[in-house]
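Asker: Sequence and computational prediction follow.
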Amino acid sequence: MQRRYITVDVFTDRAFGGNPLAVVLDAGGLSTAQMQAIAAEFNYSETTFVLPPQDAANDAKVRIFTVRSEIPFAGHPNVGTAFVLATQAAKAPARLTFEEKAGLVPIEILSEQGKVIGAELTAPQPLKRLGEAGAAEAAACLSLSSSDVKTDRHAPQVVSVGLPFLVVEVASRDALKRARPDAGAFAGILPRLGSDAVYFYTRDVPSSEQPLDLQARMFHPGSSGLSEDPATGSATVAAAALLADLDAARDGELRLRIGQGVDMGRPSLLLTRVRKQGGAIVSAHVGGGCVRMMEGTMRVAGGGG
């Protein structure tokens, strides 16, 4: 049976920027093993599979696979999948709701002058603060020294709004650039914290990179060891929720412009907003632009399961 796919670059307004994503349309009948094999074949950080919703009130069931396993939620796959479905529709919807393992994911479609340009998701779960690491441990994961890790605003800690990440603030743009993943430290430290990835950022943004509020990077397990992700919506929105939770403001909306992927040659822009009411987070969002790249079909034998 022929399966259609479309690839997009997510969190960017230019080709070959942002984070690439493959979206497999009409995925009904594919087995979990087939989906995993297709994701490994694309070899992107994630591939999504679009299925009919279980509840007709929603727009689609979306399954998300890395090259290694299925995951319950992710940022750029949701933004990219929503962009693809909106551009495939005869009339672009204003919003979509996806069913995922982490829960329902509402997504707003972003348009300019009647043209769909991207999407913004709402995190499916409230902020969870799951555990802390010492500055030395976080620094070891990044091949940095303890002095490169800032703890005045928050200790390195695992946070989640659907998928857990160790979030670390580093002291300078130079430290952000110098960081390299250390496989031994990852294996020795992260499993006990309940995560396998490190998202780290700095407030030290040079004038040449402004008006960004933060510059960030993210290391995670890839198909052949540790690798870097150019744009990580799920980690970015979790970090934004953490920063909003720490902010003294009890009401209002905290907005951040966050760069990622710059140091690996795939510049990305992630736009976050976190709404607070009475000192509590009401909702957390991340969005950005998308660029359609490739489309085609694949022949997949069998199915089911």
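Answerer: Sure thing, it's come through. None of these values were measured; they are calculated from a predicted model.

Asker: tell me which residues in stretch 259-271 are buried?
Answerer: 259, 260, 261, 262, 263, 266, 267, 268, 269, 270, 271 (16 or more other Cβ atoms under 10 Å). Bear in mind the C-beta positions are built from the backbone N, C-alpha and C, glycine included.

Asker: Which elements pack onto the helix or strand hosting residue 238?
Answerer: Per DSSP states H and E: residue 238 is located in helix 233-246. Helix 233-246 sits against helix 75-88, strand 157-160, strand 164-170, strand 198-202, strand 214-222, strand 252-260, strand 268-277, strand 280-299, with contacts defined as 3 or more Cβ pairs under 8 Å, 6 or more residues apart in numbering; DSSP states H and E.

Asker: From the rest of the structure, what touches the fourth one?
Answerer: Read it as strand 198-202. 138, 141-142, 165-173, 175-176, 179, 181, 186, 190, 214-220, 232, 235-236, 238-239, 258 (Cβ atoms under 8 Å, 6 or more residues apart in numbering).

Asker: that older thread, tell me which two in the buried residues of stretch 259-271 are the farthest apart.
Answerer: 263 and 271 (19.9 Å; Cβ to Cβ).

Asker: The nearest residue to residue 275 once chain neighbours are set aside and residue 242, how far apart?
Answerer: Nearest residue to residue 275, sequence neighbours excluded (Cβ to Cβ, 6 or more residues apart in numbering): residue 282, at 4.4 Å. Taking Cβ to Cβ, to the nearest Å as the measure, residue 282 and residue 242 are separated by 15 Å.

Asker: same deal with residue 65?
Answerer: Taking Cβ to Cβ, one finds residue 65 at 27 Å from residue 242.

Asker: How about the contacts made by the residue nearest the centre of the chain?
Answerer: The chain has residue 233 as the residue nearest its centroid, 2.5 Å off, counting by Cα atoms, centre = their mean. When contacts are counted by Cβ under 8 Å, 6+ apart, residue 233 touches 10, 11, 74, 75, 76, 78, 79, 121, 270, 286, 288.

Asker: got a pLDDT number for the closest residue to it other than its chain neighbours?
Answerer: Nearest residue to residue 233 in three dimensions, chain neighbours excluded: residue 75, at 1.6 Å (Cβ to Cβ, 6+ apart). Note on residue 75: pLDDT of 94.

Asker: Could you report the neighbour count for residue 65?
Answerer: Neighbour count for residue 65, taken as other Cβ atoms under 10 Å: 25.

Asker: Which helix or strand contains the residue lying closest to it once chain neighbours are set aside?
Answerer: Counting by Cβ to Cβ, 6+ apart, residue 65 lies nearest to residue 39, which is 3.7 Å off, once chain neighbours are set aside. Assigned by DSSP H and E, residue 39 falls within helix 32-42.

Asker: quick one: buried residues of that helix?
Answerer: 34, 35, 36, 38, 39, 42.

Asker: Pull the residues that contact it.
Answerer: Counting by Cβ under 8 Å, 6+ apart, residues outside helix 32-42 touching it are 7, 22, 24, 27, 30, 46-47, 49, 63, 65-67, 69-70, 223, 298, 300, 302-303, 305.

Asker: how does it look with 6 Å?
Answerer: Around helix 32-42, the neighbours that count as contacts under Cβ atoms under 6 Å, 6 or more residues apart in numbering are 22, 47, 49, 65, 67, 300.
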